[in-house]
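**Student:** Have a look at this prediction, sequence included:
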Amino acid sequence: MKIRLAHVSITARDLTRLRRFYEKALGFVVSRPGRGFSGDWLGKGTGVPGAEIKRVHLRLPGEGVDGTQLEIIEYADTVLEDTPPAADHPGLRHLAFEVESPEELAGLRKLVLDNGGGELGKISEKEIEGLGTVMFVYMTDPEGNIIELLNWRA
């Protein structure tokens, strides 16, 4: 059996706003155009009775057309929670994006902030014996999903 990670999905409050953030701040491109879905089949598969969604698939340019996708979904009746993000809560916690240099990390951090993202931590750096030096920071997208920006150097 061959298994690959097909996509990671974020349920958004505002699909358009979140899509624009990932396009402008992180360079994602649309890989499958936005579409809407509804019906008994969708409710059955998601476990959400009467589900009605809009969705779009994005990918990083270097991934190619068959690369891993970031799917953004907006449900017609999204349950809104006001719990702030925290790295120590159980469950899927963050998406990590690696760049090739500390300068690129600083530039990407600025792009995230300039496009509506927020700060959770400050840029941190640590030499780890046998692995190299890691520089990273936890941030959020405009809807509070945690993203990690990182750089590894030998």
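**Tutor:** Perfect, thanks for sending it. All values reported here derive from a predicted model rather than from experimental measurement.
**Student:** rest of the way, CA atoms for contacts and neighbours
**Tutor:** Will do.
**Student:** Nearest the geometric middle of this structure, what residue?
**Tutor:** With distances taken as CA atoms, centre = their mean, the residue of the chain nearest its centroid is residue 95 (5.1 Å).
**Student:** Chain neighbours aside, what residue packs nearest to it?
**Tutor:** The shortest distance from residue 95 to any non-neighbouring residue, by CA to CA, 6 or more residues apart in numbering, is to residue 147 (4.8 Å).
**Student:** so how far is residue 40 from that neighbour?
**Tutor:** 34 Å (CA to CA, to the nearest Å).
**Student:** where along the protein do the strands fall?
**Tutor:** 7-11, 29-38, 52-59, 69-75, 94-98, 118-119, 124-128, 132-140, 146-153 (DSSP state E).
**Student:** Of all those, which one is nearest residue 17?
**Tutor:** Residue 17 sits nearest to strand 69-75 of all those, at 10.5 Å, using CA to CA.
**Student:** Starting from the closest one, tell me which strands it pairs with and how they run.
**Tutor:** Partners of strand 69-75 in the sheet, by DSSP bridges, are strand 7-11 (parallel), strand 52-59 (antiparallel).
**Student:** angle of the shortest one against strand 94-98?
**Tutor:** Right, strand 7-11. 130 degrees (axes from the mean of the first three to the mean of the last three CA atoms, to 10 degrees).
**Student:** What lies in contact with strand 7-11?
**Tutor:** Residues outside strand 7-11 that contact it (CA atoms under 8 Å, 6 or more residues apart in numbering): 68-75.
**Student:** hmm, back to that, look up which residues are beta-bridged to the residue nearest to residue 95.
**Tutor:** So, taking DSSP bridges as the rule, residue 147 has residue 95, residue 139 as bridge partners.
**Student:** mind listing what it touches?
**Tutor:** 94-97, 138-141.
**Student:** In the record's domain split, what are the boundaries for the chain?
**Tutor:** 7-75, 94-153 (automatic domain parsing).
**Student:** circling back: distance to residue 36 and pLDDT for the contacts of residue 147 - can I get that in TSV?
**Tutor:** What follows is these, written out as TSV (distance: CA to CA, whole Å; pLDDT from 0 to 100):
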residue	distance to residue 36	pLDDT
94	26	88
95	25	92
96	28	91
97	28	93
138	32	92
139	30	92
140	26	93
141	23	95
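**Student:** Tell me how many other residues crowd residue 17.
**Tutor:** 14 (other CA atoms under 10 Å).
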